[in-house]
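**Student:** Coordinates for the following, if possible.
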Amino acid sequence: MSRFKIVRNNTNSDRKLLQARIDTALVEDVNLLVKWSNRDKNEIIAELLRYALSQEVDFQLYRLSVRQQATTSMDSSAVRTLGKKTVEGERQSLPMAASGR
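**Tutor:** Just a heads-up that it's a prediction; the model follows:
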C-alpha cells in the first residue's frame, strides 16, 4: 500500500507582494510553525491569513456588501449597454424611409 500524500497547490498564480511589519515574537512563532510543519513560509502565512479573515464576522459582512454593490452596479451598467445596443439594432433593421434617413 502506498503512503498517503497531500498534493500542495502548485499553480503558477500571480502573487502580489504584501509587506507588513510584524512583532518579533510573531515572526519567531511563524518560523517555528514553518519548521514544525515542514511547509513553505508563504503557504503558512497565507493559510493563517485566510483562517483569520474567515473568522472575522464584521469583515465577512463588509465583504458581502461590497460584492453585492459591485454586482448591482455591473448589472445596471449591462442593462444600460444592452438597451443602447437594442435601440441601435432596431434603427439599423428599419427600412431607409421608415428610419428617416
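**Student:** all helices for this structure, in order.
**Tutor:** 24-37, 41-55, 57-93, 96-99 (DSSP state H).
**Student:** and those helices, which one's lowest on average pLDDT?
**Tutor:** Of all the helices of the chain, helix 96-99 carries the lowest average pLDDT, namely a mean of 50.
**Student:** how much space between the nearest residue to Gln60 once chain neighbours are set aside and Thr24?
**Tutor:** Of all residues not flanking Gln60 in the chain, Ser54 sits nearest, at 7.3 Å (Cβ to Cβ, 6 or more residues apart in numbering). For the C-beta atoms, the positions are set from N, CA and C on the backbone; glycine is no exception. As for Ser54, its distance to Thr24 is 27 Å (criterion: Cβ to Cβ, to the nearest Å).
**Student:** Comparing the two, which residue is more hemmed in?
**Tutor:** The residue with more neighbours, out of Ser54 and Thr24, is Ser54; 10 against 7, by other Cβ atoms under 10 Å.
**Student:** Quick check: the more buried one touching Glu47?
**Tutor:** No. Assessed by Cβ atoms under 8 Å, Ser54 is found out of contact with Glu47, at 10.6 Å.
**Student:** Quickly list what's touching both of the two.
**Tutor:** Contact criterion Cβ atoms under 8 Å, 6 or more residues apart in numbering; no residue bridges Ser54 and Glu47 by contacting each.
**Student:** State the number of residues packed around Tyr51.
**Tutor:** Other residues close to Tyr51 by other Cβ under 10 Å number 9.
**Student:** now Ala25: how far from Leu18?
**Tutor:** 20 Å.
**Student:** whoops, I mixed them up, Tyr51
**Tutor:** In this view, Tyr51 and Leu18 are 16 Å apart by Cβ to Cβ.
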